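quick one: sequence and predicted model below, then my questions.
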Amino acid sequence: MARIGFIGLGNMGAPMARNLVQAGHAVAVFDLSHAAMEAVPGATPAESAAAAARQTEFIFTMLPAGPQVRELLVGTGGVAAAAPADAVLVDCSTIDVATARAMSAESGRAFLDAPVSGGVMGAEAGTLTFMVGGDAAAFAAVEPLLRAMGRAAIHCGAAGAGQAAKACNNMMLAATMLVTCEAFVLAEKLGLSHQALFDVASQSSGQSWSLTTYCPVPGPVPGSPANRGYAPGFSASLMLKDLGLAVGAAREAGLELAVGEQALEVYRRFVEEGGGGVDFSGVVRMLNRSAA
């Protein structure tokens, strides 16, 4: 049994913390919402983030963006200073590579950047994929806990490598989803049914996760958000954030991403038109409107 602090109990963090409790670990939780802490039965609510970090072996954080991670870990009264000297900090937020590397250098503790793929459904089912950057020994220590929350934990390299992998992965996901949506819009214009296109593409070279697991039109994949009115899932606003991180990292590296930047603009438009709270696959509705 490990002693764990878990800070940030939103749509992703709460089910992740619940899976750690169900695996038999002692989990202290903190969130600004008391209701969120109560939604993790079996965990111990803490009075503050620092209190959740005391007397723990591992501290997990799941926060919205880099500035919040920095403030929580190394700001005044930060978690890093409150944690035991041998504790491992594991940040599962999706943030920029530069902040992840800075936290590794500034926290004074073993630090892993460990963003996830799999969305809310994966967090609830315990089937997330963790992309991890940081010290190999720290990764080995925390890997059993990651596997209590997910089906895969991959050590990608030094500090920041997990965030780099997440940025690249989600850029591929965003672009693949857009062209999959466009294919269904085109199919409609050509008189081809959604099911016929799915049956062909899912068994040929057009196959992808965006098609077979997360099909953006109702019908072919019953578990996809398209069959729940595009309730996320993974919201378009989060996809826009992740694309911004990928394009920003590319610009810092002096690299032009023709497809990635175009995907960023499409999702920016979708969010500006009110789609931010919709699942990212719901962009098919905007593309359909444009086609009409």
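That came through, no problem.

ok, longest helix in this protein?
In the chain, with assignment by DSSP state H, the single longest helix is helix 161-189.

pLDDT weak spots in the stretch 101-250 of the chain?
Counting by pLDDT under 70, not a single residue of the stretch 101-250 of the chain qualifies.

all strands for it, in order.
110-113, 116-117, 128-133, 150-157 (DSSP state E, counting those that start in this stretch).

got the contact list for the third one?
What that stands for is strand 128-133. By CB atoms under 8 Å, 6 or more residues apart in numbering, the residues outside strand 128-133 that reach it are 16, 92, 100, 112-118, 122, 139, 146, 149-166, 169. Every residue, glycine included, has its C-beta placed from N, CA and C.

still on that earlier bit, can you give me the angle the longest helix of the chain makes with strand 150-157?
120 degrees (axes from the mean of the first three to the mean of the last three CA atoms, to 10 degrees).

now do A87 against H34, distance only.
From A87 across to H34, the span is 25 Å (CB to CB, to the nearest Å).

more crowded one of the two?
Set side by side, A87 and H34 show more neighbours around A87, with 24 against 9, by other CB atoms under 10 Å.

the more buried one contacts A110, doesn't it?
Yes: under the criterion of CB atoms under 8 Å, A87 makes contact with A110 at 7.4 Å.

isn't V88 up against E57?
Yes: counting by CB under 8 Å, E57 is a contact partner of V88 at 7.0 Å.

who's more crowded, these two?
V88 (23 against 19).

alpha carbons of stretch 2-17, as CSV, please.
C-alpha atoms of stretch 2-17 as CSV (Å, rounded to 0.1, in the frame of the first residue of the first chain):
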residue,chain,number,x,y,z
ALA,A,2,1.4,3.4,-1.0
ARG,A,3,0.7,6.7,0.7
ILE,A,4,-0.5,9.1,-2.0
GLY,A,5,-1.6,12.7,-2.3
PHE,A,6,-3.9,13.6,-5.2
ILE,A,7,-4.5,17.2,-6.1
GLY,A,8,-7.0,18.3,-8.7
LEU,A,9,-10.3,16.3,-8.8
GLY,A,10,-12.0,17.4,-12.0
ASN,A,11,-13.5,15.1,-14.7
MET,A,12,-10.2,13.3,-15.1
GLY,A,13,-8.6,13.5,-11.6
ALA,A,14,-11.6,12.2,-9.6
PRO,A,15,-11.9,8.8,-11.4
MET,A,16,-8.1,8.5,-11.4
ALA,A,17,-8.0,9.0,-7.6
